[in-house]
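In: Sequence isn't available, so here's the structure alone:
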């Protein structure tokens, strides 16, 4: 499996996990309509994960060595960290700019405070990729483990901040019934279109070997 596909899988898996928390939190303590909307939105990353898994099975990739498997796992964890950062970023935007119930504690302020995390995560991902898939040595592998552990720690702080910010959303977000119907229709339509695109792409990949044989 491509390292970047592993990164995408880690990102989508963590997004799905976070969204499950969002659905439970807002359906239990907030607006049930929003809980339903969040559940339908959850189908999008789940569809993406299913598609990536199907592509992986179809390609019939050669059995990877133990080192390659662990390298893929470590790199996919960088996708998990990115998802935590994205969650923190989106919920911070809501708490500060939409609900106006919070302020940015970073001395750079909002949104410049985002650049600090951006300046850390992007080089970290590139460095981890080089260590795992370019150098391919024991020392570089162990170094990548330490870097990933530090990234997970940073990501856990982003996740914790995002959960705190999301509580503001649960307490303040509310939709009128008419708006709920419109949003439900829109989200269902987006889900259907997204799933249809993935299904068509998958069918095209299945047809390619047949076309190759005919020619």
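Out: Thanks, I have the structure now. Keep in mind the model is a prediction, meaning the values are calculated, not measured.

In: Do you have the helices of the protein handy? List them.
Out: Using DSSP state H, the helices assigned to the chain run over residues 3-29, 32-59, 66-93, 114-130, 138-172, 177-214.

In: Dump these into a markdown table; add mean pLDDT and distance to residue 100 as well.
Out: The way it works is simple: take the backbone N, C-alpha and C, and place the C-beta from them, glycine included. Compiled in a markdown table, the helices of the chain are given as follows (pLDDT from 0 to 100; distance: least, Cβ to Cβ, whole Å):
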| stretch | mean pLDDT | distance to residue 100 |
| --- | --- | --- |
| helix 3-29 | 87 | 19 |
| helix 32-59 | 74 | 19 |
| helix 66-93 | 91 | 11 |
| helix 114-130 | 88 | 18 |
| helix 138-172 | 91 | 10 |
| helix 177-214 | 76 | 20 |
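
In: between those, which one is nearest to residue 101?
Out: For residue 101, the closest of the helices of the chain is helix 138-172, at 5.1 Å, according to Cβ to Cβ.

In: Report the angle between that closest one and helix 66-93.
Out: In terms of direction (axes from the mean of the first three to the mean of the last three Cα atoms, to 10 degrees), helix 138-172 departs from helix 66-93 by 30 degrees.

In: looking just at contacts, which helices and strands does helix 138-172 meet?
Out: Here helix 138-172 touches helix 3-29, helix 66-93, helix 114-130, going by 3 or more Cβ pairs under 8 Å, 6 or more residues apart in numbering; DSSP states H and E.

In: which of the ones you listed sits most buried?
Out: Comparing the helices and strands packed on helix 138-172 by mean neighbour count (mean count of other Cβ atoms under 10 Å), helix 66-93 comes out on top with a mean of 20.

In: quick one: that one to helix 32-59, angle?
Out: 160 degrees.

In: roughly how far is helix 66-93 from the heart of the chain?
Out: 8 Å (Cα atoms, centre = their mean, to the nearest Å).

In: Stretch 16-25 too?
Out: Relative to its chain's centre, stretch 16-25 lies at 12 Å (Cα atoms, centre = their mean).

In: which residues sit against that stretch?
Out: Contacts to stretch 16-25, defined as Cβ atoms under 8 Å, 6 or more residues apart in numbering, come from residues 35, 38-39, 41-42, 45-46, 49, 83-84, 87, 159, 162-163, 166-167, 170.

In: just the buried members of these?
Out: Among those, those classed as buried by 16 or more other Cβ atoms under 10 Å are 35, 38-39, 41-42, 45, 49, 83-84, 87, 159, 162-163, 166-167, 170.
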